[in-house]
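>>> with the input below, show me the fold.
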Amino acid sequence: MKLGKGKNKTATVQNNNQAAQQNQQPAQNQQQAANQPQNNVAKPETQTDRHGRAIRPKKKFTYIIINDLGKKERRNIEAESEQEVRTFLAQQELKVEEIKPQSATDISISFGKISPQDLSFSLTQLSTYIKSGIPLAEAVRILAKQSTKDVLKTSFNQLHFELLKGENLSSALEMQKKLYPALLINMVKTAEMTGDLPTILDDMSEYYTSMDQTRKQMKSAMTYPVVVLTLAFGVLIFMLTYLVPQFTSMFESNGAELPLMTKTVVGVSDFLKSNYAILIGVILVIVIGFIVAYKKSVGFRKSVQIVLMHIPVIKNVIIYNEISNFTKTFASLLNHGVYITDSMEILQRITNNEVYKDIINNCLTNLAKGDTVSSAFKGQWAIPIVAYEMIVTGEKTGQLGAMMEKVAKHFQELHKNIIDQMKSLVEPLLIVFLAVVVGIILLSIIQPMFAIYDTVK
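Below is the predicted model:
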C-alpha cells in the first residue's frame, strides 16, 4: 500500500509538472511572437465593398455581340470573372458571340479621353433622362447605346455594369478616375447625399461648357501665331539652305566683294547645311527633356510657371484663367453644401499650377488652425486685390459662394478681353518680324548684285 501510495504521489507530481510546463508553453509562445517582427504577425485584412462583399481583383475582358443592326460589335469590360460578364449581358438580352480575357493588343478605356464638350453633353442627357423618370442604370445604358465614340461607349457600358451590381454612381465614376474629373466625382457624391442628382448634373454641365469655351479661346489665340511662325521658319530655312547658296556660287564666279551682311547670311546658310542633323537632334532633345521635366519635376514646373507669370501680358492670361477657374469651382462646391476644407482639397487636386497649389495648401493649414480662408490669400502676388477683397467680403457677409460667382464672372470676362487683345497684337508683330527677316536676306543678296553690275559696267 505504501508503495502504491508512493507511485500515486510520484504520478501526481509528474502530472503537476507537465501541467505547469503546458501552462508555461503559451506564455513562451506569446513572448516569442512578441519578439518577432510585426510584419510577420500581422495579416492583411480582406477588403470589402460597401455591401460587405469581398473585393476580388478585376480582370479585363473582351466580348463580341450582335447589335440591333445584325452587325458584330466588339467591346471591353472589367469584371471579377467571366460569369459576371455573362450575367450582365444576359440581363440586357444581348446575343453574345464570344467572351474572352483581354489580350495585350486590345485597346483599353484608359487610352481614351473624354473631352469637356462630350462630358457636358452627356451630363445634360443623363439629367434629362432622370428627370423624365428613367432609372439611373437604364439612363446610363441609353447613353452607352447611343454613343458613337469608343471611349464613351466603353466607359458608359462599364458604368452600367457597376450600377447593376449595386454600386452608386460616384463609386462607379471613381473606378474610372482617369477619365472623369475629381470635381465631378465629389459633386456626384454630394448629390447622392442630398438626393438632388439632376440639378447637380445640370450645374456640372454648365461648368464644363464654360471651361470648354475658355479652353477654345486659349487654343484659338495660340493657333494663329503658331501656324504663322511655323510657315515663317519653313520659308526662312528654305531661303538659307537653297536660295542663298545659289547666289553665293554666282558671286564667287564673278569675283564680287561680299559685304558684311552677305557674309553673315552665307555663314549661317553654310552652318545650317553642314550641321542640320545635329541641330535637329539637339532641338528634339531639348524639347523632349523640357516636356519630361515639366511633367515629372514639381520644382521645375513651378519655376517655369513663375517665370511665365512674370512676363507682361502672358502673366495676365495665366492669372485671370486660374482665378476664374478657382472661384467658379469654389462657388459651385460651396453652393452645393460641400465643406470648405473638402472644397480646398478638391481644388488642390484639380489645378495644375504649382503656385496656386501652394496657396491652397496654406489655406488648408490656416483652416486647421481656425483661421479664415482669406488669411491665406492676403499678400499673395498671384492673387489679384479684387479677388482677395471679394473673399473677405463674402466671409463677413456669409455669402462666400455668391461672391465667388461674381469674381468668376469678372475674371472670365477679363480673360476673354486679354485673349482678344493678344490676338490683335500678335498679328502685326508677326508681320513686322517676317518683314525684317526676309528683308535682311533679300538685302544681303541684292547688295553683291549691285557690286557685280558696277564691275561689269
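>>> next up, phi/psi of K95, please.
The phi/psi pair for K95 (degrees, to the nearest 10) reads phi -80, psi 110.
>>> and it, what pLDDT?
Per-residue pLDDT puts K95 at 80.
>>> what pairs with N76 across the strands?
Taking DSSP bridges as the rule, N76 bridges to T62.
>>> let's have the chain start at 57 instead
Understood, numbering begins at 57; the last thing we discussed is N132.
>>> wait, it sits on I155?
No. Checked against C-beta atoms under 8 Å, the pair N132 and I155 is beyond contact range at 11.2 Å. For every residue, glycine as well, the C-beta is placed using N, CA and C.
>>> quickly list what's touching both of the two.
Between them, N132 and I155 share these contacting residues under C-beta atoms under 8 Å, 6 or more residues apart in numbering: 117-118.
>>> show me the shaky parts of the chain.
57-112, 159-168, 310-312, 507-513 (pLDDT under 70).
>>> okay, domains of it per the record?
What automatic domain parsing lists as the domains of the chain is 108-162, 266-513.
>>> any idea which of the ones you listed is most buried?
domain 266-513 (a mean of 15; mean count of other C-beta atoms under 10 Å).
>>> chain center to that one: distance?
20 Å (C-alpha atoms, centre = their mean, to the nearest Å).
>>> and the gap between Q269 and S261?
Distance, Q269 to S261, using C-beta to C-beta, to the nearest Å: 13 Å.
>>> swap that for P254, please
10 Å.
>>> what does I402 give?
Here the criterion is C-beta to C-beta. By it, I402 lies 18 Å from S261.
>>> ranges for the strands of this protein?
For the chain, the strands defined by DSSP state E cover 115-122, 128-135, 151-157.
>>> from the contact counts, what lies against the second one?
Here strand 128-135 touches strand 115-122, helix 138-147, helix 206-220, going by 3 or more C-beta pairs under 8 Å, 6 or more residues apart in numbering; DSSP states H and E.
>>> repeat that for the shortest one.
Using 3+ C-beta pairs under 8 Å, 6+ apart as the contact definition, the elements that strand 151-157 packs against are strand 115-122, helix 138-147.
>>> could you give the separation of the first one from the chain centroid?
Yep, that's strand 115-122 we're talking about. Strand 115-122 sits 28 Å away from the centroid of its parent chain (C-alpha atoms, centre = their mean).
>>> now that strand and strand 151-157, what's the angle there?
Compare the direction of strand 115-122 with that of strand 151-157 by axes from the mean of the first three to the mean of the last three C-alpha atoms, to 10 degrees and you get 160 degrees.
>>> if we can go back for a sec, tell me which of the strands of the chain lies nearest to G435.
strand 128-135 (48.5 Å; C-beta to C-beta).
>>> ok, residues contacting that closest one?
Under C-beta under 8 Å, 6+ apart, the answer for strand 128-135 is 114-123, 141, 144, 153, 158, 162-165, 209-210, 213-214, 217, 231.
>>> joint contacts of P254 and S261?
S183.
>>> comparing these two, which residue is more hemmed in?
More crowded of P254 and S261, by other C-beta atoms under 10 Å: S261, with 19 against 16.
>>> residues in contact with the more buried one?
S261 neighbours (C-beta under 8 Å, 6+ apart): 176-177, 179-180, 183.
>>> most neighbours of all the residues you listed, which one?
Taking other C-beta under 10 Å as the neighbour criterion, L179 ranks highest of the contacts of S261 with 24 neighbours.
>>> roughly how far apart are that one and E230?
With C-beta to C-beta as the criterion, L179 and E230 are 16 Å apart.
>>> cool, and S183?
Counting by C-beta to C-beta - S183 and E230 are separated by 20 Å.
>>> where is the longest helix in this protein?
Identified as the longest helix of the chain according to DSSP state H is helix 456-512.
>>> for that one, packing partners?
Packed against helix 456-512 by the contact rule (3+ C-beta pairs under 8 Å, 6+ apart) you find helix 253-294, helix 300-309, helix 316-352, helix 370-391, helix 441-453.
>>> now do the second one: everything it contacts.
Right, helix 300-309. With C-beta under 8 Å, 6+ apart as the test, helix 300-309 has contacts from 314, 318, 321-322, 325, 329, 497, 500-501, 504-505, 508.
>>> now render the strands of the chain as JSON lines, adding distance to V369.
Shown next, in JSON lines, are the strands of the chain (distance: least, C-beta to C-beta, whole Å):
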{"stretch": "strand 115-122", "distance to V369": "48"}
{"stretch": "strand 128-135", "distance to V369": "46"}
{"stretch": "strand 151-157", "distance to V369": "54"}
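>>> compare these and give me the one nearest A349.
Per C-beta to C-beta, nearest to A349 of the strands of the chain: strand 115-122, 32.8 Å.
>>> related to what we said a few turns ago, export the helices and strands packed on helix 456-512 to JSON lines and tack on distance to K462?
Conversion of the helices and strands packed on helix 456-512 to JSON lines gives the following (distance: least, C-beta to C-beta, whole Å):
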{"stretch": "helix 253-294", "distance to K462": "15"}
{"stretch": "helix 300-309", "distance to K462": "58"}
{"stretch": "helix 316-352", "distance to K462": "34"}
{"stretch": "helix 370-391", "distance to K462": "9"}
{"stretch": "helix 441-453", "distance to K462": "7"}
